[in-house]
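Participant: Provided below are the primary sequence and the corresponding predicted coordinates.
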Amino acid sequence: MSRIGRAPITVPAGVTVTVDEKNHVAVKGPKGSVERTVAPTMTIEVKDGVLTVSRPNDEKQNRALHGLTRTLLANMVTGVTNGFEKKLEIQGVGYRATKEGKNLVMNLGYSHQVVVAETDDIQIDVPDANHIVIKGIDKQKVGQFAADVRATRPPEPYKGKGIRYDGEFVRIKEGKTGAK
């Protein structure tokens with residue numbers, strides 16, 4: 001039995017979870033609402049502020065979907081209560097980021113500025129010129145948006161310049177040795 005799938009999800013006060021007959025789950029909370037359709041074979045029950053996921057049998061596909069479904073639902077509940085955030089760090093001489101209106105404007109050593117627009121469900125915060133904070137209620141969208149921003153200038157392996165996740169370690173390669 002899946003240890004992750006068996007674990008119940010406690011629904012905090014102020015959060016409502018609705019499940020229809022086609023396993024379309026809607027979660028509303030103080031930060032917003034999230035909807036997702038999960039695997040139709042899983043059984044989702046909400047009783048007394050506790051959300052549980054069960055599977056019909058022990059087939060390989062159902063075992064795989066059991067833990068996944070429970071984790072997706074737990075992330076939805078966490079997202080509408082606390083939200084998710086990813087922190088990015090910019091390293092390099094002259095590399096910086098600013099926020100102009102709803103746009104993230106970055107100088108990354110290109111001949112032009114890189115502009116990334118905020119979406120409806122993603123908020124961008126720039127506490128200083130070398131740090132970017134991406135916030136939202138959908139974990140997948142926050143992670144994807146952070147990956148897209150990082151992909152504009154990923155860290156290079158010789159000097160370590162570029163955009164990296166906060167706390168990410170980039171191995172620095174040794175450069176060429178001079179011929180003598």
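Facilitator: Structure received. Residues are numbered from 1 along each chain as shown.

Participant: Just give me the longest helix of the protein.
Facilitator: Longest helix of the chain, by residue count under DSSP state H: helix 60-81.

Participant: Can you name every helix or strand that that one contacts?
Facilitator: Judged by 3 or more Cβ pairs under 8 Å, 6 or more residues apart in numbering; DSSP states H and E, the packing partners of helix 60-81 are helix 3-6, strand 9-10, strand 24-29, strand 32-37, strand 50-54, helix 139-151. C-beta coordinates here come from the backbone N, C-alpha and C atoms, glycine included.

Participant: What mean pLDDT does the second one get?
Facilitator: pLDDT averaged over strand 9-10 equals 94, rounded to a whole number.

Participant: helix or strand right after it?
Facilitator: Under the assignment DSSP states H and E, the closest C-terminal helix or strand after strand 9-10 is strand 16-19.

Participant: How about that next one, which residues are buried there?
Facilitator: For strand 16-19, the neighbour count (16 or more other Cβ atoms under 10 Å) marks V17, V19 as buried.

Participant: What strands flank it, and is each parallel or antiparallel?
Facilitator: Neighbouring strands of strand 16-19 in its sheet, by DSSP bridges, are strand 24-29 (antiparallel).
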